[in-house]
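Engineer: Structural data only, the sequence is not supplied:
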């Protein structure tokens, strides 16, 4: 090989090596740019996700929104501010029994199962009216929704008639349907409608079903619950007449059996 050819070959080799180094350097720069860009996108995505998560966490839930609602749809057969005055019985009855209950309350279920029929018979005979005040504090204790949802469904029953309301309340508290306090069954509309099927006025009642599923009276239920919270009553069931608590003689407990209720209510009626 001539010296000239040898020099040309070496020069060509050096040029190929230079070009290869430039291509590699270009690849390296491109890879670094992609890594930086990808990292930026990931950071932005994470930041956006965290921001969205914080926004969602701070966003009021359904029942909080219902609590703060300005426009409240009240059931028929109610009166007072936001329809939170619910009185069942003959208008001419001179005495009013105030009844404070939470739908999930086991003691309320025991009272309704033991003395409910006696109470209903007295109301039908005009011995007194009943003013119902619904509470939802058990939901707050157990992080549930059943008390609120059942109270809304009771509003849907009241919208049908006072009788439907009374019968539905009795069904909710019955041995057949009332769940353990730790079981939040009333949070499910399907279960509330299953209970309603035992009440003739509510079974296959399309308007009632729609009001339950649409939550028509959710805001009303929260206003009713607020009325309970603003009272001086601390637990359920609580019975009051003429501003005085009705209790079993010698205790601070509400009557549970029909006999206990008969004795306590008769004493209150004479007072």
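Structural biologist: Structure received. Just so we're clear, the structure is a prediction, and the values are computed from it rather than from any experiment.
Engineer: Break down the stretch 151-271 of the chain into its strands, ranges please.
Structural biologist: Applying DSSP state E, counting those that start in this stretch to the stretch 151-271 of the chain gives strands spanning 238-241, 244-245.
Engineer: so who does the closest residue to residue 106 other than its chain neighbours touch?
Structural biologist: Ranked by C-beta to C-beta, 6 or more residues apart in numbering and with sequence neighbours excluded, the top spatial neighbour of residue 106 is residue 181, at 5.2 Å. Every C-beta, even on glycine, is put in place using the N, C-alpha and C of the backbone. Residues near residue 181 by C-beta atoms under 8 Å, 6 or more residues apart in numbering: 104, 105, 106, 138, 142.
Engineer: what stretches of this protein score poorly on pLDDT?
Structural biologist: Applying pLDDT under 70 to the chain flags residues 1-60.
Engineer: list the buried ones in stretch 259-267?
Structural biologist: Neighbour counts over stretch 259-267 (16 or more other C-beta atoms under 10 Å) mark 260, 261, 264, 265 as buried.
Engineer: and if you look at stretch 232-248?
Structural biologist: Neighbour-count burial for stretch 232-248 [16+ other C-beta under 10 Å]: 233, 236, 237, 238, 239, 240, 241, 245, 246, 247.
Engineer: gap between the two ends of that stretch?
Structural biologist: 19 Å (C-alpha to C-alpha, to the nearest Å).
Engineer: Show residues contacting it.
Structural biologist: Contacts with stretch 232-248, where a contact means C-beta under 8 Å, 6+ apart, come from 95-102, 105, 107-108, 111, 128, 133, 135, 252-256, 260, 264-265, 268-269, 271.
Engineer: picking that back up, I'd like the strands of the stretch 151-271 of the chain as TSV, with distance to residue 118 appended.
Structural biologist: Shown next, in TSV, are the strands of the stretch 151-271 of the chain (distance: least, C-beta to C-beta, whole Å):
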stretch	distance to residue 118
strand 238-241	12
strand 244-245	18
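Engineer: Against residue 196, how distant is the closest residue to residue 156 other than its chain neighbours?
Structural biologist: Of all residues not flanking residue 156 in the chain, residue 211 sits nearest, at 3.9 Å (C-beta to C-beta, 6+ apart). Residue 211 sits at a distance of 11 Å from residue 196 (criterion: C-beta to C-beta, to the nearest Å).
Engineer: Those two: which has the busier surroundings?
Structural biologist: Neighbours per residue (other C-beta atoms under 10 Å) separate residue 211 from residue 196, with residue 196 holding more: 26 against 22.
Engineer: Spatially nearest residue to the more buried one, not counting backbone neighbours?
Structural biologist: Nearest non-adjacent residue to residue 196, counting by C-beta to C-beta, 6+ apart: residue 202, 4.1 Å away.
Engineer: how much space between residue 228 and residue 98?
Structural biologist: According to C-beta to C-beta, residue 228 and residue 98 sit 11 Å apart.
Engineer: what do these two both touch?
Structural biologist: residue 133.
Engineer: could you dump the buried residues of stretch 232-248 to CSV with distance to residue 74?
Structural biologist: Formatted as CSV, those follow (distance: C-beta to C-beta, whole Å):
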residue, distance to residue 74
233, 22
236, 22
237, 24
238, 23
239, 24
240, 23
241, 25
245, 28
246, 28
247, 32
